[in-house]
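Asker: Sequence and predicted structure below; questions after.
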Amino acid sequence: MSWDPIDKLTVAATLARRLLNIPGRLDCRSGRPALRLPATWPWADTFTTALRRIRNLPQRC
């Protein structure tokens with residue numbers, strides 16, 4: 001299957017719009033940063049799952 005450059009841009013734009021433009025705010029409570037997301041944001045579960053998986057990756061120095 002050959003990808004047209006326009007298709008690649010569309011996929012990248014979709015990912016950026018859904019996961020990188022986050023409608024939340026960053027709080028700092030008790031010295032720990034916390035991301036507050038709206039309960040009705042349709043991508044909240046996807047984002048928090050991805051964030052949890054990234055945090056669980058083994059750290060390499």
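Answerer: Perfect, I can see it now.
Asker: CA atoms for contacts and neighbours, from now on please.
Answerer: Fine.
Asker: Could you report the neighbour count for residue 27?
Answerer: If you count neighbours by other Cα atoms under 10 Å, residue 27 ends up with 12.
Asker: what's the answer for residue 38, then?
Answerer: Neighbours of residue 38 under the rule other Cα under 10 Å: 12.
Asker: list the contacts for the closest residue to it other than its chain neighbours?
Answerer: Leaving aside its sequence neighbours, residue 38 sits nearest to residue 24 (Cα to Cα, 6 or more residues apart in numbering; 6.5 Å). Residues near residue 24 by Cα atoms under 8 Å, 6 or more residues apart in numbering: 35-38.
Asker: Can you select the buried ones among these for me in ChimeraX?
Answerer: The buried residues among the contacts of residue 24 can be selected in ChimeraX (16 or more other Cα atoms under 10 Å) with this line:
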select :37
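Asker: So which of the contacts of residue 24 is the closest to residue 47?
Answerer: Residue 47 has its nearest neighbour among the contacts of residue 24 in residue 37, at 9.8 Å by Cα to Cα.
Asker: Now do the closest one, the pLDDT please.
Answerer: pLDDT, residue 37: 81.
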